[in-house]
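>>> The amino acid sequence is not available; the structure is as follows:
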Ligand code: AHM
Ligand code: MG
């Protein structure tokens with residue numbers, strides 16, 4: 001039994017005290033994200049009842065229009081975050097352009113980038129979905145609306161990143177730096193509070209041997225990518241195998257499992273999406289920060305995700321995320337050439353590193 005109950009608010013305040021001189025603005029921003037998460041969680045849990053209460057386009061018992069959940073989540077986050085004076089602008093998967101702070105509100109020093117409800121194909125079938133967020137400090141002069149330059153920053157410059165998974169319970173997981181730890185909070189719906197349930201999360205070592213990818217796209221992958229998965233399946237006759245396959249199709253949920261159990265999540269480039277599917281700013285970079293803060297690695301197959309500087313708000317990237325040794329193994333296979341050349345130069349050593357240094 002844990003000896004004390006720590007709410008997310010208490011945790012954020014305690015963390016802030018470690019930085020004398022902190023304005024409290026950043027803590028307030030995290031607090032507002034947690035508040036938005038609670039509202040979205042409540043609605044996600046009611047999702048199955050929408051058909052009972054009325055269909056989208058109709059009004060609910062409060063006389064409010066019932067929205068699609070992703071539009072609802074977008075609305076909740078914008079309304080929770082736009083007025084407190086923390087932000088200079090926002091970026092969302094749901095909006096082509098930068099979301100400006102309305103003129104009547106103060107302009108702050110931070111940028112919030114988010115995917116309000118990721119895993120859209122799972123929304124209507126009661127499978128876990130999530131929200132992803134990333135916070136940067138602005139780089140343009142203060143006091144004016146945020147600019148593109150404030151949004152298009154490398155992942156290494158994130159001040160905080162995290163996600164909320166709406167699963168069998170709702171959890172919020174976040175970090176404020178690679179060396180600041182990753183902390184997980186579970187929502188207790190009876191008191192409406194996120195309670196610290198997973199302090200200092202580290203990806204287990206040795207990790208679970210789990211790979212996660214949409215294998216229906218196998219025929220569209222490059223030969224090195226196919227060989228990597230053949231290796232996980234034990235089909236290449238070269239010491240692989242012993243892996244399980246798990247793929248939910250919700251990035252947040254697949255990543256959450258990877259964080260708690262280890263393994264590798266992959267969304268590779270393929271013939272129809274040569275640049276990958278997942279977006280850098282509000283999908284790949286924030287999860288990469290959490291992953292690295294928990295001792296893992298995140299790569300696009302050749303480069304660290306956190307080093308990528310996007311040129312557009314919705315730029316995409318291939319993504320390999322999870323246990324450090326598996327991500328490095330993937331890079332070694334892919335270095336063999338994306339168009340199907342022979343095995344990568346370090347193929348033999350990859351068998352060793354895959355198990356974290358001991359092949360026993
Ligand atoms: P979305 O932002 O439209 O929901 O797309 C992102 C989702 C991720 O959650 C998930 O990892 C991936 O798309 C699944 O894609 P696919 O159905 O191609 O496997
Ligand atoms: Mg998404």
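Yes, it's here. A quick note: this is a predicted structure, and the numbers were derived from the prediction, not measured. Ligands and ions are numbered 1, 2, ... in the order given.

>>> Only C-alpha atoms from now on, for both contacts and neighbour counts.
Will do.

>>> what's the spatially most central residue of the chain sitting at in phi/psi?
Nearest to the mean C-alpha position of the chain, counting by CA atoms, centre = their mean, stands residue 287 at 3.5 Å. Main-chain torsions, residue 287, degrees, to the nearest 10: phi -70, psi -30.

>>> Is residue 220 in contact with residue 272, as I believe?
Yes. The criterion here is CA atoms under 8 Å, and residue 220 meets it with residue 272 at 7.4 Å.

>>> okay, the two: which has more neighbours?
Neighbour totals were compared for residue 220 and residue 272, and residue 220 leads with 17 against 11 (other CA atoms under 10 Å).

>>> and the residue of the stretch 1-150 of the chain found nearest ligand 1, how many residues sit next to it?
Residue of the stretch 1-150 of the chain nearest ligand 1, by CA to the nearest ligand atom: residue 119 (3.5 Å). Residue 119 has 20 neighbours, counted by other CA under 10 Å.

>>> State the phi and psi torsions of the closest residue to it other than its chain neighbours.
Of all residues not flanking residue 119 in the chain, residue 250 sits nearest, at 4.2 Å (CA to CA, 6 or more residues apart in numbering). Main-chain dihedrals, residue 250, degrees, to the nearest 10: phi -120, psi 120.

>>> tell me the contacts of residue 250?
Residue 250 is in contact with 118, 119, 120, 122, 128, 129, 130, counting by CA atoms under 8 Å, 6 or more residues apart in numbering.

>>> From residue 128, how far off is it?
Separation of residue 250 from residue 128 (CA to CA, to the nearest Å): 7 Å.

>>> Please enumerate the shared neighbours of those two.
Residues touching both residue 250 and residue 128 (CA under 8 Å, 6+ apart): residue 122.

>>> re the thing from before, surely the residue nearest to the centre of the chain and residue 161 touch.
Yes. Counting by CA under 8 Å, residue 287 does reach residue 161; the two are 7.2 Å apart.

>>> Identify the contacts common to the two.
Both residue 287 and residue 161 are in contact with residue 132, where contact means CA under 8 Å, 6+ apart.

>>> who in the stretch 151-300 of the chain is up against ligand 1?
Within the stretch 151-300 of the chain, the residues that sit near ligand 1 (CA under 6 Å from any ligand atom) are 214, 249, 250, 251.

>>> Drop anything exposed from those.
249, 250, 251 (16 or more other CA atoms under 10 Å).

>>> Can you list the low-confidence ranges for the stretch 51-200 of the chain?
51-67 (pLDDT under 70).

>>> so where do the strands sit in it?
87-92, 99-100, 110-118, 129-137, 158-166, 170-175, 182-188, 193-198 (DSSP state E, counting those that start in this stretch).

>>> Output those as TSV; include the columns mean neighbour count.
Shown next, in TSV, are those (neighbours: other CA atoms under 10 Å):
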stretch	mean neighbour count
strand 87-92	26
strand 99-100	18
strand 110-118	26
strand 129-137	25
strand 158-166	26
strand 170-175	25
strand 182-188	21
strand 193-198	20
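
>>> would you turn those into JSON lines with distance to residue 73?
Below are the strands of the stretch 51-200 of the chain laid out as JSON lines (distance: least, CA to CA, whole Å):
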{"stretch": "strand 87-92", "distance to residue 73": "11"}
{"stretch": "strand 99-100", "distance to residue 73": "15"}
{"stretch": "strand 110-118", "distance to residue 73": "5"}
{"stretch": "strand 129-137", "distance to residue 73": "9"}
{"stretch": "strand 158-166", "distance to residue 73": "12"}
{"stretch": "strand 170-175", "distance to residue 73": "15"}
{"stretch": "strand 182-188", "distance to residue 73": "17"}
{"stretch": "strand 193-198", "distance to residue 73": "18"}
